[in-house]
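Peer 1: just coords:
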């Protein structure tokens, strides 16, 4: 079939690859001037299947409600903004913040992200693309013995689900990653199965590999709407003209409201903004060898070749891509605190990262009103971890094959 894939971030590019490998004629459409220009180009870089904790939880309920009255914490909400979309999303989110829902979502999410990490390895092997991949574990850092003890308790449910962790004092952490020698930590939980890499580089290299399989990549090409006939998608209207297609895949992050109305699906996706800074590594001997997370500050870091990426924050403030200078300054200061002398702090590049989240923090797949319009959306805060599994699932659905994991709770519904 001739299939138009809408969006060239992680979801779109991996889907294009899987469809092209299946022999379809693929047209990958992206409104930005380059591949992975939005969330996929500014994320934390960690493939963290072992941290697939659902966002909605009894603890997050307390955090979310506290954020309604104070904005001096990692999660920020602005209740005075009149944003019906946010309030509709927020009510669904709060409706999942209880123990029974959390247990159900945890089992579902872990099953999915474990599969997705396997598929990332499969795509990496099939394509041979380079993306500064670092396997062998990710560090989760704690600054006090009490925080470390709490971190150990936090991962107990994941150990019960089959993930492997090592508890390290500072000396043991430094033995694995000498870059932590000057970090103000008491110890770490080392997740041996997690990995990291540059998702933007992955997307751009994989898009080129898709072209090698005959796919067509259209950049600076905005989707204006879909064309329908006989209850099916027959084409895509774009700023570059109409593109005929036998089917389409919506692999978009944030979806324009006009287009959303055309898609015929219930898509409860809202942007959760984070801030990202990328710094040149000036002295590799002083920098980290593994990616990690400063759990006390809720900031992730990831070495990407000759650069270090740091990301943090969760702000519900609409679709704007602006960020507060204090947010980027905090990340830059943390880079200097964790890895003194490793980076050129004066040359930090900052940007906002809008994560397309569902109220359950899990993605959505399948078809809704139109049988040849497939969805691969809502990858949210774990897009790098979730994308490859969603691509394989989508290719299987297009082909009429059984998916690699059950889709209960992950299926899109008609609007």
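Peer 2: Everything's here; your move. Owing to the predicted nature of the structure, the values given are computational and were not obtained by experimental measurement.

Peer 1: So which elements touch whichever strand or helix holds residue 335?
Peer 2: According to DSSP states H and E, residue 335 maps onto helix 325-338. In terms of contacts (3 or more Cβ pairs under 8 Å, 6 or more residues apart in numbering; DSSP states H and E), helix 325-338 is packed against strand 270-280, strand 299-304, strand 307-316, strand 349-357. Glycine gets a C-beta too; all of them are placed from N, C-alpha and C.

Peer 1: Run through who's touching the helix or strand following the last one.
Peer 2: The reference is to strand 349-357. The helix or strand immediately downstream of strand 349-357 is strand 364-367, counting by DSSP H and E. Applying Cβ atoms under 8 Å, 6 or more residues apart in numbering, the external contacts of strand 364-367 come out as 267, 358, 373-378, 390, 393-394, 397, 407, 410-412.

Peer 1: So which residues make contact with the helix holding residue 335?
Peer 2: 141, 180, 182-184, 275-277, 279, 288, 294, 297, 299, 301, 308, 310-313, 342-343, 345, 348, 350.

Peer 1: Tell me the buried residues within the residues you listed.
Peer 2: Neighbour counting by 16 or more other Cβ atoms under 10 Å classes 141, 180, 183, 275-277, 279, 288, 294, 297, 299, 301, 308, 310-313, 342-343, 345, 348, 350 among these as buried.

Peer 1: on that earlier part again, and the angle for the helix holding residue 335 with strand 307-316?
Peer 2: Interaxial angle, helix 325-338 versus strand 307-316 (axes from the mean of the first three to the mean of the last three Cα atoms, to 10 degrees): 140 degrees.

Peer 1: Now do the buried residues in stretch 2-14.
Peer 2: For stretch 2-14, by 16+ other Cβ under 10 Å, it's 3, 4, 5, 6, 7, 8, 9, 10, 11, 12, 13, 14.

Peer 1: Now do it: distance from first to last residue.
Peer 2: 17 Å (Cα to Cα, to the nearest Å).

Peer 1: Then stretch 127-136?
Peer 2: Per Cα to Cα, stretch 127-136 runs 21 Å from first to last residue.

Peer 1: and for it, what are the contacting residues?
Peer 2: 17, 124, 192, 195-199, 201-202, 205-206, 209, 289-291, 303-305.

Peer 1: which parts of it are buried?
Peer 2: 127, 129, 131, 132, 133, 134.

Peer 1: Residue 32: which of those residues is nearest?
Peer 2: Closest approach to residue 32 among the buried residues of stretch 127-136 (Cβ to Cβ): residue 131, at 19.0 Å.

Peer 1: Any idea how many residues pack against residue 233?
Peer 2: 23 (other Cβ atoms under 10 Å).

Peer 1: again but with residue 229, I slipped
Peer 2: Around residue 229 there are 8 residues (other Cβ under 10 Å).

Peer 1: same check, this time on residue 326
Peer 2: When neighbours are defined as other Cβ under 10 Å, residue 326 has 8 of them.

Peer 1: pLDDT at it, what is it?
Peer 2: You'll see residue 326 listed with a pLDDT of 91.

Peer 1: Could you identify the helix or strand that succeeds the longest helix seen in the chain?
Peer 2: Ordering each helix of the chain by length in residues (DSSP state H) puts helix 99-127 first. As assigned by DSSP H and E, the chain's next helix or strand after helix 99-127 is strand 138-142.
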